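Colleague: compute the structure for the input listed below.
(one chain, ligands or ions: 2)
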Amino acid sequence: MHSDDHILEYAGAFRLVRKIAQGGMATVYEAEQLGPAGFAKRVALKVIHPHYAKEKTWLQLFIDEAKLSANLVHGNIVQIYHLGEVEGQFYITMEYIKGPTLRSMIERHRELDRLIPTTIAAYIVSRVCRALDFAHNFAGPDGHRLDIVHRDVSPNNIMATWDGHIKLADFGIAKATTSVDPMDKSPMLMMGKKHYMSPEQILALEVDGRSDVFAMGVVLYELLTLEPLFFEDATELLIDEVTWRPLPNIREKVPSVPKAIDEVLMASLDRDPAHRPSAATMGKALDRWCEAQSVVATPDRLQEHLAALFPSTYQPSTASGEVTRFSNFQHGLRRNGHDPRGWLGRLLHRMRA
Ligand SMILES: Nc1ncnc2c1ncn2[C@@H]1O[C@H](COP(=O)(O)OP(=O)(O)O)[C@@H](O)[C@H]1O
Ligand SMILES: [Mg+2]
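Modeller: Numbers count the residues shown, from 1 in each chain. Ligands and ions are numbered 1, 2, ... in the order given. From the prediction side, this is the model:
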């Protein structure tokens, strides 16, 4: 455990439960935020490394972005609860997500040498598109769009809850991280997930929501093939790869990818942002395809998939032995003689009488 992070415990605000991960910019803990009379709420606590917080420009950008994203409350977005500071130690508390990142889902599938079912991949991406659409069009209290861009849509920042819901994490945080690097004062720098950047982002041009749509396409490609779309390590070569080299034909690599999905993918990966769909259009196209399938993707389906994929770590929030299915619920009602359709039918009958 990073010794400085104990300041937060000494301040009496938190109990650190376990360290989840230590990255370049921050350490993430599972923690309990403490209140009076034994009140405790489970949160994810992201503690910013001190050398970042000491860099004024970086800190200002970071705080500005956190303030912008603070009110993004949406079912597919990891909610930020608080940005705080104790003795110069900056931290963010956010919704604690019990479940794997897409990165670990992809890795697990690679280990098993089994593709992710297209319905599951399409479902996941469609949910992230909803999160992006919400953020891209989010308006401040005065009704003006805030033009929020995620900037770091990548498999590490997309998580699944064990009960089958998809959450996009770290809104806006990337702006500070990709604009100012306190460890290296070079003007053109790229940290983090450069392999998911759009052409305009990797060229350090102006970005808007359409940049996130490109990144979403890069993630979709990887979900369907289990291979990264862009892999060059040297930044100059990666720029070539992202900005102009011909993209691989996904159906040559994975023939089972349906044509409709390939079309959505290629549209999102257009090098020209003006030709890309909005996040909403991309999400709806995936939804339309999903709805036409015999096995429709739902949170239940994803939950079952995760239970089979991670048998030793799977731990849903409820202790129920079976996946909660709304359809089972209806069956149960019918079996007990409370057929909701019968009830509605009787009501309509009585109204007509
Ligand atoms: N809200 C959260 N709830 C649970 N785990 C989280 C949450 N946010 C991040 N994590 C975990 O912490 C890890 C590190 O997160 P982060 O510091 O954002 O770096 P990165 O996104 O590059 O992985 C993530 O990969 C994930 O496993
Ligand atoms: Mg992250």
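
Colleague: rest of the way, CA atoms for contacts and neighbours
Modeller: Fine.

Colleague: and Lys56, how many neighbours does it have?
Modeller: 12 (other CA atoms under 10 Å).

Colleague: do you know the pLDDT at it?
Modeller: pLDDT, Lys56: 88.

Colleague: ramachandran angles for it?
Modeller: phi -60, psi -50 (degrees, to the nearest 10).

Colleague: kindly report the same for the one 10 residues further on.
Modeller: Here is the backbone geometry of Ala66 (degrees, to the nearest 10): phi -60, psi -40.

Colleague: show me the contacts for it.
Modeller: Contacts for Ala66 (CA atoms under 8 Å, 6 or more residues apart in numbering) come out as Leu83, Phe171, Gly172, Ile173.

Colleague: the last one and Val218: what is the separation?
Modeller: Taken as CA to CA, to the nearest Å, the spacing of Ile173 relative to Val218 amounts to 20 Å.

Colleague: which one of these two has more residues nearby?
Modeller: Val218 (25 against 20).

Colleague: what mean pLDDT does the helix or strand harbouring that one get?
Modeller: In this structure, Val218 sits in helix 209-225 according to DSSP states H and E. Helix 209-225 shows a mean pLDDT of 98 in the predicted model.

Colleague: which parts of the very next helix or strand once past it are buried?
Modeller: Using DSSP H and E, the helix or strand that follows helix 209-225 towards the C-terminus is helix 235-243. By neighbour count with 16 or more other CA atoms under 10 Å, helix 235-243 contains the buried residues Leu238, Ile239, Glu241, Val242, Thr243.

Colleague: Three-state assignment for Arg42, please.
Modeller: strand (DSSP: H, G, I helix; E, B strand; the rest coil).

Colleague: what does the chain have sitting close to ligand 1?
Modeller: 20-21, 23, 26-28, 44, 94-97, 101, 156-157 (CA under 6 Å from any ligand atom).

Colleague: so which of the residues you listed sit within strands?
Modeller: Among these, the residues falling in strands (DSSP state E) are Ile20, Ala21, Ala26, Thr27, Val28, Ala44, Met94, Glu95.

Colleague: which among those count as buried?
Modeller: Counted by 16+ other CA under 10 Å, those give Ala26, Thr27, Val28, Ala44, Met94, Glu95 as buried.

Colleague: how about the second one, nearest residue that isn't a chain neighbour?
Modeller: This means Thr27. Val47 (5.3 Å; CA to CA, 6 or more residues apart in numbering).

Colleague: what residues are up against that neighbour?
Modeller: Here Val47 is in contact with Asp5, Ala26, Thr27, Val28, Gln89, Phe90, Tyr91, Ile92 (CA under 8 Å, 6+ apart).

Colleague: and it, how far is that from Ile20?
Modeller: 12 Å.
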